[in-house]
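>>> Give me coordinates for this.
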Amino acid sequence: MTSMSPIRKSGSTRYFESTEFVEYYEEYTEEYSVEVYDESAVEVSYEDYFEETYDVSYEEYVEETTEEYEDDGVADAEADAAEAEADAADAEAEAAEAEAEAAEAEAEAAEAEAEAEAAEAEAEAAEAEAEAEAEAEAAEAEAAEAEAEAEAAEAEAEAEAAEAEAEAEAAEAEAEAEEAEAEAAEAEAEAEEAEAEAEEAEAEEEAEEDYSEEEEAEEDYADEEEAEEDYSDEGGDEDYGDERV
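Okay, the predicted model is just below:
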């Protein structure tokens, strides 16, 4: 029988039918430039190809090698179990490590999330603070504008009041001037009236004086006539009477 390259012992005939053996066989035959078995490429079965290649039937080979492998099967199984247990321990350790790494990653993620939330909260607080400052500045500007408007309104009211007061004072002064003018006119009228009365009194006085003089003249005339009469009665010069006439 053609010598086979070391084939892994598994203690089970199913190994020779497994994918692992077929893959191993393909690699082995390809390494030694032996045509790789491909059932779709040749019209022979795998058993025929095995028998033709190794000069022994596949069943005989399995039967012959099974006894050899069965003796080592238990040891191999124990070794496999120990290896599997070690692998399981390694896997458990790896799982624990992975779990620890996952926990660490989770903690880091939680920390990063907390930092992100803190940064977001800080950004929101800064934004709220900036917004509050902007609102405060706007309110302050509005208050200053309202104060300026109030001061302007107050100044305008004061100006209007001053103007009204000035107008009132001007009207009062005008009224006083008119009153003074009226009083002056009245005084002038009174003066004219007094002057007229004085002139009238003077005229009356002059008239009275004239009347008195006239009366006095009349009295003198009467006295003169009386004297003449007395003279006539006494036989005085007749020519005197004629001369008088």
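>>> by contact count, what packs against the lengthiest helix in the chain?
Longest helix of the chain, by residue count under DSSP state H: helix 73-233. The helices and strands touching helix 73-233, judged by 3 or more C-beta pairs under 8 Å, 6 or more residues apart in numbering; DSSP states H and E, are helix 238-244. C-beta coordinates here come from the backbone N, C-alpha and C atoms, glycine included.
>>> Show me the shaky parts of this protein.
By pLDDT under 70, the weakly predicted segments of the chain are 1-46, 67-82, 84-85, 88, 91, 233-245.
>>> go again using 90 as the cut-off
Within the chain, the segments meeting pLDDT under 90 span 1-113, 179-245.
>>> Burial check on Phe50, number of neighbours?
21 (other C-beta atoms under 10 Å).
>>> Not counting residues beside it along the chain, what's closest to it?
In this structure, Phe50 finds its nearest non-sequential neighbour in Tyr58, 4.2 Å apart by C-beta to C-beta, 6 or more residues apart in numbering.
>>> Distance check, the one you found against Thr66.
Separation of Tyr58 from Thr66 (C-beta to C-beta, to the nearest Å): 12 Å.
>>> more crowded one of these two?
Between Tyr58 and Thr66, counted using other C-beta under 10 Å, Tyr58 has the larger neighbour count: 18 against 15.
>>> Hmm, the more buried one is touching Thr65, no?
No: with contact defined as C-beta atoms under 8 Å, Tyr58 does not count as touching Thr65 (10.8 Å).
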